[in-house]
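Engineer: here you go, sequence then predicted model.
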Amino acid sequence: MQTNSLLDQLKDIYLPARVSQWWPLAYGWWIVIGIFIIGLLLLVFLLYKKKKRRIYKQSVIDDFKATIQRTLENKPQEVLQNISIYLKRVALQKFSNENVKLLHGKAWVEFLDTKLDNQEFSKSSGGLLADSYKPQILETAKLQEIITVSEKWLRRVL
């Protein structure tokens with residue numbers, strides 16, 4: 001009987017709440033989460049910059065096409081001059097440390113060739129940009145070739 005009375009004196013055991021497998025996180029997991037968030041923010045920032053640069057490039061090229069089209073409609077003899085002026089404006093903005101403002105004639109065409117990594121301006125009708133301030137009306141094929149090479153230059157430089 002004494003064993004029975006001793007057992008009656010025992011109280012029930014209450015188990016503590018089960019510890020979660022996932023929470024609280026160890027310090028290593030917090031570091032991993034932090035690195036992941038920083039990487040994600042960096043990726044979003046870089047994609048935003050790339051999109052902004054692409055939009056800027058496209059707007060410059062669209063403006064170039066519109067300017068040339070307006071010149072063709074109003075004063076076709078000044079098309080070469082306007083192409084050269086537009087390219088020089090872009091070059092001054094992108095290559096401010098290279099004395100672009102002093103370039104003219106053959107030196108200007110050579111500068112355009114060096115930024116395109118080949119001799120496309122010199123080999124094609126783009127060489128006519130050396131005499132761009134002399135009013136001249138060009139054949140449609142030559143003019144289209146100059147415009148195409150100029151657009152390619154703009155795409156490469158921007």
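Structural biologist: Done, it's in.

Engineer: CA only for contacts and neighbour counts going forward, please
Structural biologist: Noted.

Engineer: any idea which element the residue most central in space within the chain lies in?
Structural biologist: The structure's the chain has its C-alpha centroid closest to residue 53; by C-alpha atoms, centre = their mean the separation is 3.5 Å. If you go by DSSP states H and E, residue 53 is part of helix 27-74.

Engineer: tell me what that helix is packed against?
Structural biologist: helix 79-94, helix 140-157 (3 or more C-alpha pairs under 8 Å, 6 or more residues apart in numbering; DSSP states H and E).

Engineer: what's the angle between that helix and helix 140-157?
Structural biologist: 160 degrees (axes from the mean of the first three to the mean of the last three C-alpha atoms, to 10 degrees).

Engineer: show me how far helix 27-74 is from its chain's centre.
Structural biologist: Centre-to-centre, helix 27-74 and its host chain are 5 Å apart (C-alpha atoms, centre = their mean, to the nearest Å).

Engineer: number of nearby residues for the residue lying closest to residue 155 once chain neighbours are set aside?
Structural biologist: Excluding its sequence neighbours, the residue lying closest to residue 155 (C-alpha to C-alpha, 6 or more residues apart in numbering) is residue 57, at 7.0 Å. For residue 57, the neighbour count with other C-alpha atoms under 10 Å is 17.

Engineer: equivalent analysis for residue 14, please.
Structural biologist: Residue 14 sits with 6 neighbouring residues when counted by other C-alpha under 10 Å.

Engineer: and it, its phi and psi?
Structural biologist: Here is the backbone geometry of residue 14 (degrees, to the nearest 10): phi -100, psi 120.

Engineer: re earlier: how far away is the residue nearest to residue 155 from residue 152?
Structural biologist: Note on residue 57: its distance to residue 152, by C-alpha to C-alpha, to the nearest Å, is 12 Å.

Engineer: residue 47 now?
Structural biologist: Residue 47 is 24 Å from residue 152, by C-alpha to C-alpha.

Engineer: same check, this time on residue 114
Structural biologist: According to C-alpha to C-alpha, residue 114 and residue 152 sit 13 Å apart.

Engineer: same deal with residue 142?
Structural biologist: 15 Å.

Engineer: which residues touch residue 119?
Structural biologist: Contact partners of residue 119, counting by C-alpha atoms under 8 Å, 6 or more residues apart in numbering, are 110, 113.
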